[in-house]
Each structure stands twice: as C-alpha cells, then as structure tokens.
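Trainee: Let's see this in three dimensions:
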Amino acid sequence: MALYIFDDDNAARRFMVQPPRGNLTSPPSDPQYDCHRLAAGRYVIHLYSPYCRGTAVLDVLESAVNEAAGAFVISSSPPGAPPGPTADPVSRVPPADAVLPPEPADVSIDDIADAIPELTPAEIAAVAGTAGGAALLGSLLLLGASGTRREEVLDSIRDLLRGRLPEDPFEAWKRTYEALGWKYSEKNGVATFDPVDGARNEAGEVWSSAKGGFVRADDAPVPTAAPPRDGDVNDRGEVWSDYSRGWVGRNTYEQDQASKAWLADKAQRDLADMQHPDADVADLHRQIAETRRERQAMETFFDARQKLSDALEQQRQREFADGPLSATRSGLFDDIDRRLEDMATRRDFEAGLGDMASLADVIGQQMRDTYKPTYTYRDAVLDTALQTGALAADVFVTKGLASSALGSTLAMRDAVREGADTTGMLLAGAKAAATDYLFGKAAHLGGGYAVEAWTATRRAAGGFTDEVANITGSFRRSHVAGDLVEAAKRNLVALDAGVQRDASGRMRASLSDVLEVQRNPNQVRLLKQQGSLQTQDAFNHTLRNEVYKPHDQMLLERLRQSTPELADRKLMVHEFRTPGKTANPINTDRDFRVLVQDDAGKWIEVPKAKWEQHSNDVFGELTFLDPSKCPKGMNPAEQKAWWAEQHGHTPTDRAFREASRDYSDQTIDAFGRRTQIETPRIAELKDIASKADDIAAGRIPPPAQPVRLADPQALAQQFHEKVTGNLRRGDPFEAIAQAKKGVETLDAVHKAYGAQRLPIGELPANLRSAMDAVAKSNLPAQADAAALAAFEDTLRGHGFRSLEDFSGKLSSQFEALKWAK
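Mentor: As a prediction, this is how the structure comes out:
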C-alpha cells in the first residue's frame with residue numbers, strides 16, 4: 001500500500017487518468033489486485049491486495065485520510081463523476097470532457113521521496129495516518145466483530161495523528177500538588193508530597209506548622225465533627241451503630257437494634273425467672289431449710305442439755321460440800337434434772353429449747369455468788385412459770401421486753417431478801433433488766449442460741465443474724481449437693497442398665513435415660529470420667545442420632561421455608577465442641593449456631609433471631625417437652641426456651657451474652673457485612689501467654705502491635721453468666737467448673753498483657769488466694785457434698801460470701817482490663 005501526495009488537486013486527478021499498476025518496486029500485475037483511490041483532493045491511495053475486489057477497505061482508508069488531512073486542507077476540488085463502465089471499478093477519475101492541465105513529462109514514480117522530496121507537516125501526518133490505518137487493518141476488523149464502534153477507534157487515531165498524547169498520571173499528580181505549594185521529595189524510589197507552611201489543600205485551607213494542621217484562611221481552626229450517635233447516617237447511607245461501634249449497613253443496624261432489644265428482653269425474663277422460681281425448687285428449698293433448722297436445733301438442744309446438766313451437778317456438789325442438802329433443796333435439783341431428762345424424749349427440739357431457756361435461768365440464779373439458799377422449791381416453780389411465759393412473749397411479741405421486766409423484778413426481790421437497801425435493790429434490778437433484755441432478744445432471733453442465757457450479753461444481734469444465715473445457706477447447698485450426687489449415681493446406673501444393641505449393631509440407650517443424664521452437666525462429666533466405653537458410646541450414639549441430627553435437619557428445613565433469601569443457599573449447623581481424648585467425645589452441653597455460605601465461599605453466621613424459635617420448637621418435639629415441669633407463668637415459647645436451656649442446648653451467635661467478641665470468629669466489616677476471622681482474639685492472647693517466657697528472655701520479639709481484649713466487659717459478662725446460670729439451674733459443681741475456666745482465662749490474659757508490657761496492676765491478695773483455691777478444686781471431677789461445704793468455707797475464709805460473690809469479683813477484673821492502654 002502507498003499514499004501519493006501531489007502539489008495540488010489537478011496533479012492528483014491527472015495521475016488518476018492512467019495510474020501505474022503493480023507495487024512501487026515490482027512490475028505491473030493483475031489489475032484485479034491493484035487499485036487506486038483519490039482522497040482529500042491531492043492524495044491518492046494505492047493498494048495492492050485481494051481486498052481490492054470490494055470497496056470496503058478503500059472506503060475505510062479514504063475515510064482515515066480525509067479525517068487525518070481535514071485539519072490541514074483549507075479547500076479541495078469537488079469530487080469527480082462516477083467512473084464509466086470501462087474504468088477501473090475502484091478508481092475515481094475526472095469526466096472525459098474535463099479540461100485537464102498539461103501532463104507532466106514523467107509520471108513514473110519509483111520512490112515517493114524522490115518524487116516529492118519536500119513534505120509538509122500535514123503531509124507527514126497524512127502518511128503516518130495511512131500507514132497506521134494499514135497496520136491496524138486486521139485489528140479494526142477484529143474490533144468491529146467484537147462490537148467496538150468504528151467511531152471510537154477513529155477518534156483515538158485522530159488524537160494520535162494530531163499529537164494529543166495522554167498525560168502521564170504521575171506528572172499530573174505532581175503538577176497539582178506543586179501548584180498548591182506542597183514540598184516534593186523522593187526516598188528509596190518513593191515520591192511523596194508533604195505540606196509546608198502556606199501550602200493549601202483542595203478545600204482552600206492553609207497548612208500551619210504551629211497549629212499542626214490545616215486552618216482556614218482567616219486563621220480559624222478547622223471545625224471538628226461531633227462524634228456520631230446511634231442512628232446517625234453518613235454520606236454513603238451507612239448508619240452508626242453503638243452496638244457494633246462503627247458505620248454499618250441499614251440491615252445490619254436493624255439486626256443490631258433487634259439484638260439489643262432481645263438482650264434487654266432476655267435480661268427481664270431472667271430476672272422474672274429468678275423472682276418466680278419453680279414451685280418444686282422452692283418447696284425443696286423450704287424442706288432443706290426446715291431440715292437444717294431441725295438438725296441444728298437437735299444438736300444445740302443436746303449440747304445445751306448436757307451443759308445444763310453438768311452445771312446443775314456442779315452446783316449440787318458445791319452445796320453438798322458445805323453440808324447435807326435439805327429435802328426442799330434436794331427436791332429442787334431433782335426436779336430440774338428430771339425436767340432435763342424429760343425434754344430429751346420430745347421430738348420438738350425448738351420448743352424444747354424454749355422450755356430449757358427458763359431452766360437455764362433458774363440454774364444460773366442458783367450459781368450466783370451472792371445467792372442465798374433461801375430460794376425454795378416453791379419459788380423455783382413460780383419463777384419457772386413466770387419466765388417461761390415471758391420467754392414466749394419475747395419470741396412472738398415483745399422482742400425482749402418481757403424478759404427484761406421479769407428479770408428485773410426477780411432480781412430486786414432477791415436483793416430485798418438479802419437485806420439490800422432501796423439503792424441496792426434498784427441497781428440489781430437494772431443489771432438484771434439489761435442482761436435479760438439481751439437474753440430475750442436472742443430468743444426472739446433464734447431459739448437455738450437462747451439456751452446459753454449466761455452468755456447472751458456477748459452476742460450482737462446483727463452478728464448473730466449473719467451467722468445463722470451463713471450456717472443455713474451452707475447447709476442448704478450441702479444438702480442440694482448431696483441430692484445431686486445421689487441423683488447422678490441413680491441416673492448413671494439406670495443409663496447403664498438400659499444399654500443394648502440396635503438393629504445396626506450399634507450400642508443404644510433409652511432416650512429418656514439419656515435426657516435425664518444430659519440435663520445435668522455434672523452427670524455428663526461423671527459419665528465421661530467413670531462410665532464404661534460401652535455406655536459412653538450408647539449415650540453419644542443415641543443423643544446424636546435421635547436428637548441432634550434430626551434437630552439440625554428439621555431446623556434448616558424450617559429456616560429455608562421461613563426465610564426466602566436463604567431458600568437456595570448452603571446452610572449448616574456448626575457446633576462448638578471441645579475435642580475429646582477418646583473415640584466417643586461427650587460434651588456437657590451443646591452450643592451451636594447456623595452458618596450460610598456467601599458468594600466468596602466463606603461461612604457466615606445467620607443471626608440467631610431468625611432461627612432460635614425454630615430450634616426450640618424442634619428440640620421440644622424431639623425430647624418430649626412436659627409443660628408441667630416448667631416454671632409457672634411461662635408462655636409456650638418461654639417454656640421451650642427454658643426446656644432447651646435446662647438440657648444444655650444453647651442457640652448462639654455473636655450477640656449472645658455468653659458469646660464474647662473475643663471468642664467469636666465472626667465480625668462486622670466497615671460495610672456492615674459479617675466476615676470471618678481466622679483466629680479469635682482470646683486464642684491470640686493465649687498464644688502470647690504461652691510464649692511469655694521467651695519474650696521476657698528476648699528470644700522472640702513481642703507482637704508489633706499490642707494485642708488486647710476486644711470487649712473486656714462482654715468477656716466479664718460471659719464468665720459471670722456461665723457461673724450464675726448453673727447456680728440458677730441448681731448445679732454448683734458445674735458452676736465451679738465454669739469458675740475454674742474463668743480463673744484460667746484471666747491468668748492467661750494477665751500473662752499476655754504482662755509480656756507486652758501493658759499496665760494491668762496487681763490482683764487483690766484475697767482474690768488471688770481464692771483464685772488459687774478454685775483452680776486447685778477437684779469438685780467438678782469428683783462431686784462430693786462435704787467437699788462442696790469445705791470449698792464454700794474456704795471462699796468465706798478469703799472474704800467471699802458465696803461462689804456467686806467470687807464470680808462477680810473475678811468478672812470485675814476482666815472488665816478492669818479496658819483501662820490497660
């Protein structure tokens with residue numbers, strides 16, 4: 001292909017009358033493959049190609065030359081008439097009768113440079129455009145076939161022909177910031193711009209080194225935006241969520257609000273549960289308290305009776321040493337001794353303590369140093385009757401005043417008998433009134449301590465009440481613990497007896513026996529530690545194949561039906577399990593969630609609010625829910641949730657109060673989407689704790705960025721809920737097991753913080769001692785009522801009223817870590 005350029009339009013038209021054939025260096029050849037086309041007035045396109053048989057290619061080339069030369073051609077001759085029938089089918093020539101200028105001497109062209117030695121810039125551009133069009137001819141055809149518009153391609157070619165090259169982005173960026181007055185620098189192949197005094201930003205603000213930032217032109221500081229509040233919407237349409245602590249999508253914000261509402265409602269329900277305990281549990285507590293009082297009263301009764309009997313005999317021997325006793329005096333001692341013996345045959349020990357209190361006063365009067373044995377049997381009978389009545393009045397009505405008045409009267413009478421004057425009589429009455437008032441007060445607060453009348457003045461009413469409450473509470477928990485141990489033994493024996501092989505040859509247990517064991521974590525733990533492998537396999541096989549697997553299938557089916565956006569998605573139930581050491585791992589409870597696979601192939605949590613009710617419905621159906629065993633006042637949905645919780649069947653997600661963010665492998669990204677985390681935060685901290693010694697010795701470096709708890713308050717709530725939740729269920733052994741986990745986790749977090757030199761302070765000495773006692777306790781593994789009572793005494797010895805009190809103090813240490821910056 002060639003492009004001929006002539007001095008003017010006439011020269012080009014004369015050339016087209018009889019154009020040369022063949023290419024520029026070869027002899028003439030087949031005219032069907034040799035064609036010419038006049039373009040832009042003084043340009044002729046010469047193409048030697050099989051494509052000459054059609055006009056499409058020449059049309060494209062002519063259009064390219066016309067557009068390329070258009071900017072340089074001021075005027076051109078009008079196109080000639082169409083060629084005649086004998087003319088070249090693709091060559092355009094002037095009419096036959098046209099007056100043509102004289103023909104040049106030689107029109108044979110071997111080299112275009114020799115023929116036209118001087119080319120103008122316009123001619124060079126035309127040549128370049130034509131050559132580029134020929135070189136890209138194949139590309140044009142392919143682009144056209146692929147749908148690219150020819151106008152787009154020609155626009156790009158035209159820009160190139162006119163010298164309009166695209167600007168280098170780096171140069172544009174550099175020119176922009178230099179114009180704004182920024183300082184340019186390069187280091188290690190990296191170009192940077194830094195603001196200097198007087199430099200401006202795109203908003204027109206001026207950089208001030210003194211103020212450390214951009215300020216307005218009038219030196220007014222740049223206003224700082226107020227922190228977002230819950231529900232605020234930004235320019236991208238995202239909503240600020242206090243729950244997620246960031247900007248989230250509208251759907252995620254609504255889910256966060258639903259989670260907050262659910263947590264508040266759940267807290268109210270839990271409070272209602274605690275305020276309205278199950279009638280059976282309340283009755284059991286009453287029976288335990290009554291048994292505790294009866295046993296304490298019996299022990300106190302016999303102890304007091306022995307003390308009074310010994311005191312009476314001591315007084316008898318003392319008086320006998322001075323001489324033989326009179327019949328009246330001996331009769332008094334015999335009557336009191338007989339009364340003490342008769343009291344031992346009664347079963348109402350609390351009433352017996354009341355009667356014994358009056359005898360204690362009589363014996364105490366006999367043992368006073370100033371007492372004269374003019375006190376006769378008749379006086380004793382009268383005084384006993386009066387003081388018994390006064391004691392009864394103290395217990396039920398006067399709270400000590402009756403005993404005070406009567407004691408004062410009797411003391412004054414004795415003083416008169418001894419010859420005291422009026423002042424001595426009044427002083428004796430006042431002393432007796434003070435002593436007997438405290439005696440009567442003790443009788444009102446608890447008959448168990450009233451028998452020691454002579455020591456009543458040493459007992460403060462408040463301290464006495466606390467002591468009674470502590471003793472009663474310990475006995476109640478010990479009694480419950482004993483019942484739990486005995487029930488566990490019975491249930492495990494029943495489970496083992498019902499094991500048999502099913503049709504497939506697998507070991508199977510009775511589902512009712514399995515559920516009875518499974519509802520108590522301590523029983524499941526005993527099964528793992530003491531049960532035979534055959535019984536463990538039967539328990540695990542029955543629970544999974546008759547409850548868990550059908551539950552998961554039915555749950556996902558109902559979720560797809562109720563949630564259209566999940567109908568065609570891949571769903572799965574993911575269970576949080578502790579890896580077992582045997583072939584039949586058994587967990588004391590089951591925490592699980594529902595996951596959906598997103599478009600990227602990752603498994604993301606489905607909010608619990610979408611499927612929890614389905615789960616509770618299915619679990620109740622599969623485990624024979626009995627509403628009569630649920631606490632009174634619950635609606636059907638609450639009964640199903642309570643039933644699942646009692647069996648350790650716990651639906652969860654990142655909003656669950658037992659599911660701390662630090663244990664979660666899910667999070668919310670900046671766009672409000674749930675994403676997966678490779679390593680939960682608590683696992684990172686435990687890994688750092690395991691390397692703390694190497695970090696301290698300098699063998700390995702600490703993390704480049706400090707690793708802290710994401711939400712210390714939520715973690716504190718998680719462990720406290722695990723302890724108190726099991727106490728509400730009546731299982732102190734599982735509560736201790738959860739407290740041990742809390743102690744281990746707090747120690748690991750403290751060790752990790754220390755390795756990173758994060759300030760954490762010192763634990764209180766009594767809490768540290770109590771934590772060590774909890775960590776060393778073997779109660780979760782070997783449940784024992786006596787050991788439980790001793791464990792609670794140990795906690796009280798360290799200053800904690802109960803395990804719940806200890807859990808609260810332990811949780812506060814987790815929450816305090818939010819200040820470790």
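Trainee: In the protein, where's the longest strand?
Mentor: Longest strand of the chain, by residue count under DSSP state E: strand 590-597.
Trainee: Give me the contact list for that strand.
Mentor: 548, 555-556, 559, 566, 569-576, 603-606, 608, 610-611, 648-653, 658-659 (CB atoms under 8 Å, 6 or more residues apart in numbering). (Each C-beta comes from the backbone N, C-alpha and C, glycine too.)
Trainee: Alpha carbons of that strand, in PDB - could you do that?
Mentor: Taking C-alpha atoms only, strand 590-597 is exported to PDB below (Å, rounded to 0.1, in the frame of the first residue of the first chain):
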ATOM      1  CA  ARG A 590     -24.100 -28.100  73.200                       C
ATOM      2  CA  ASP A 591     -23.500 -24.600  71.900                       C
ATOM      3  CA  PHE A 592     -24.300 -24.200  68.300                       C
ATOM      4  CA  ARG A 593     -25.000 -21.700  65.500                       C
ATOM      5  CA  VAL A 594     -26.300 -21.600  61.900                       C
ATOM      6  CA  LEU A 595     -23.900 -20.700  59.100                       C
ATOM      7  CA  VAL A 596     -24.600 -19.700  55.500                       C
ATOM      8  CA  GLN A 597     -22.100 -19.800  52.700                       C
END
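Trainee: Whichever helix or strand comes after it - contacts with which helices or strands?
Mentor: Downstream of strand 590-597, the first helix or strand assigned by DSSP states H and E is strand 603-605. Where contact means 3 or more CB pairs under 8 Å, 6 or more residues apart in numbering; DSSP states H and E, strand 603-605 is packed against strand 590-597, strand 674-676.
Trainee: Out of those, which gets nearest to residue 10?
Mentor: strand 674-676 (76.1 Å; CB to CB).
Trainee: what's the model's confidence in that closest one, averaged?
Mentor: Across strand 674-676, the average pLDDT comes to 55.
Trainee: which strands and helices sit next to the following helix or strand past that strand?
Mentor: Counting by DSSP H and E, the next helix or strand C-terminal to strand 674-676 is helix 681-690. Counting contacts by 3+ CB pairs under 8 Å, 6+ apart, helix 681-690 packs against helix 732-755.
Trainee: Let's see which of the contacts of strand 590-597 end up in helices.
Mentor: Per DSSP state H, helices hold the following members of these: 555, 556, 559.
Trainee: Dump these to CSV, plus distance to residue 246 and neighbour count.
Mentor: Formatted as CSV, those follow (distance: CB to CB, whole Å; neighbours: other CB atoms under 10 Å):
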residue, distance to residue 246, neighbour count
555, 31, 23
556, 31, 19
559, 28, 21
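Trainee: Return the closest of these with respect to residue 317.
Mentor: Using CB to CB, these come closest to residue 317 at residue 555, 81.9 Å.
Trainee: and that closest one, how far is that from residue 204?
Mentor: Using CB to CB, to the nearest Å, one obtains 60 Å as the distance from residue 555 to residue 204.
Trainee: Kindly report the same for residue 501.
Mentor: From residue 501 to residue 204 the distance is 85 Å (CB to CB).
Trainee: The stretch 701-821 of the chain: strands as residue ranges?
Mentor: Under the criterion DSSP state E, counting those that start in this stretch, the stretch 701-821 of the chain carries no strands.
Trainee: show me where it has helices.
Mentor: 712-728, 732-755, 765-776, 785-797, 803-816 (DSSP state H, counting those that start in this stretch).
Trainee: got CSV for those, with distance to residue 316 too?
Mentor: Shown next, in CSV, are the helices of the stretch 701-821 of the chain (distance: least, CB to CB, whole Å):
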stretch, distance to residue 316
helix 712-728, 53
helix 732-755, 50
helix 765-776, 50
helix 785-797, 40
helix 803-816, 50
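Trainee: any chance of those helices in CSV, plus mean neighbour count, mean pLDDT and distance to residue 20?
Mentor: Formatted as CSV, those follow (neighbours: other CB atoms under 10 Å; pLDDT from 0 to 100; distance: least, CB to CB, whole Å):
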stretch, mean neighbour count, mean pLDDT, distance to residue 20
helix 712-728, 21, 83, 91
helix 732-755, 22, 90, 91
helix 765-776, 16, 92, 106
helix 785-797, 17, 85, 115
helix 803-816, 20, 88, 97
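Trainee: for the ones you listed, which one sits closest to residue 520?
Mentor: helix 732-755 (7.8 Å).
Trainee: could you give the angle of that closest one to helix 712-728?
Mentor: If you take axes from the mean of the first three to the mean of the last three CA atoms, to 10 degrees, helix 732-755 sits at 160 degrees to helix 712-728.
Trainee: Residue ranges of each domain in the chain, please.
Mentor: Using automatic domain parsing, the domain parsing of the chain gives 2-161, 289-459, 678-821.
Trainee: Residue 554: what's it in contact with?
Mentor: Applying CB under 8 Å, 6+ apart, the residues contacting residue 554 are 614, 618.
Trainee: distance of it from residue 520?
Mentor: Per CB to CB, residue 554 is found 25 Å from residue 520.
Trainee: rank the domains of the chain by pLDDT, which is bottom?
Mentor: Among those, domain 289-459 carries the lowest mean pLDDT (a mean of 56).
Trainee: So what's the residue count around residue 502?
Mentor: 12 (other CB atoms under 10 Å).
Trainee: Now it: closest residue in space, sequence neighbours ignored.
Mentor: residue 508 (4.3 Å; CB to CB, 6 or more residues apart in numbering).
Trainee: same thing with residue 595?
Mentor: residue 603 (4.1 Å).
Trainee: Report the beta-bridge partners for the one you found.
Mentor: With DSSP bridges as the criterion, residue 603 is bridged to residue 597.
Trainee: which regions of the stretch 501-650 of the chain lie under the pLDDT threshold?
Mentor: 576-585, 587-588 (pLDDT under 70).
Trainee: Tell me where it has strands.
Mentor: Under DSSP E, counting those that start in this stretch, the stretch 501-650 of the chain gives strands at 507-508, 571-576, 590-597, 603-605, 649-651.
Trainee: which of the ones you listed is buried the deepest?
Mentor: Of the strands of the stretch 501-650 of the chain, the one with the most neighbours on average (mean count of other CB atoms under 10 Å) is strand 649-651, at a mean of 22.
Trainee: List the strands paired with it, with their directions.
Mentor: Counting by DSSP bridges, strand 649-651 is paired with strand 590-597 (parallel).
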